[in-house]
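Participant: Predicted model and sequence follow; I will ask about them next.
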Amino acid sequence: MRFAVDEEGLGDLVGPPRSAEGYRAWAAEQATAKAASDRFQLAVEAVDTGETVGAVGSHQADARAGWFEYGITIGAEHRRKGYATEAAVLMLRFMFHEHRYHKCQVRIFAHNEASLALHRQLGFVEEGRLREVVYRSGRHHDVVMMGMLADEFADGPSAS
């Protein structure tokens with residue numbers, strides 16, 4: 001719930017509001033649900049404290065075509081400490097190397113400069129912009145589509 005509130009503050013949450021009890025029910029359901037192929041959600045923890053600082057997940061995956069889409073969120077008080085970079089690299093390494101996917105794509109709100117910068121640093125390439133595709137808080141927002149191929153990850157700065 002804390003992460004959703006943080007994302008809402010950035011203007012990045014698209015889903016309807018949910019009560020605290022609704023979040024608890026959703027979390028309980030997710031904790032016992034069987035993984036749907038290569039779509040999953042994981043907690044991001046601080047190694048030194050074990051505190052949950054965010055989440056990363058594969059939202060869509062098409063094993064036949066060889067692509068997946070993922071998302072990441074880090075709590076406001078934990079940003080700019082390297083958690084997003086480390087979680088993203090681990091996700092990419094797992095999906096590219098262990099599951100042999102060919103391409104990763106992400107959708108980022110155009111106003112989320114921090115996420116755009118992170119993904120550029122990781123080696124993602126802007127592939128397009130969906131103009132005014134999301135309606136939120138009384139206005140339409142652009143979404144930037146970014147992608148990375150497995151060989152770009154293998155050759156890029158985030159591979160090591």
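Facilitator: Okay, I see it.

Participant: From here on, just use CA atoms for contacts and neighbour counts.
Facilitator: Will do.

Participant: ranges for the helices of this structure?
Facilitator: 2-10, 20-32, 83-93, 113-122, 150-155 (DSSP state H).

Participant: what number of residues lie near the residue lying closest to residue 45 once chain neighbours are set aside?
Facilitator: In space, and not counting its chain neighbours, residue 45 is closest to residue 52: 4.4 Å by CA to CA, 6 or more residues apart in numbering. As a burial measure, residue 52 scores 14 neighbours (other CA atoms under 10 Å).

Participant: swap in residue 84?
Facilitator: Counted with other CA under 10 Å, residue 84 comes out at 23.

Participant: In this protein, where is pLDDT below threshold?
Facilitator: Scanning the chain for pLDDT under 70 picks out 1-18, 23-24, 26-28, 30-36, 157-160.

Participant: At the geometric centre of the chain, which residue do we find?
Facilitator: residue 71 (1.3 Å; CA atoms, centre = their mean).

Participant: what sits opposite that one in the beta ladder?
Facilitator: residue 57 (DSSP bridges).

Participant: Can you verify my assumption that it contacts residue 56?
Facilitator: Yes. If you go by CA atoms under 8 Å, residue 71 and residue 56 touch, sitting 5.8 Å apart.

Participant: before we move on, the earlier item: the residue nearest to residue 45: what's it in contact with?
Facilitator: Each residue near residue 52 by CA atoms under 8 Å, 6 or more residues apart in numbering is listed here: 43, 44, 45, 46.

Participant: Closest one of the residues you listed to residue 147?
Facilitator: residue 44 (22.2 Å; CA to CA).

Participant: gap between the residue nearest to residue 45 and residue 85?
Facilitator: With the distance defined as CA to CA, to the nearest Å, residue 52 ends up 15 Å from residue 85.

Participant: Ok, residue 38 next?
Facilitator: Taking CA to CA, one finds residue 38 at 21 Å from residue 85.

Participant: so what's the nearest residue to residue 56 once chain neighbours are set aside up against?
Facilitator: The shortest distance from residue 56 to any non-neighbouring residue, by CA to CA, 6+ apart, is to residue 72 (4.3 Å). Each residue near residue 72 by CA under 8 Å, 6+ apart is listed here: 54, 55, 56, 57, 84, 88.
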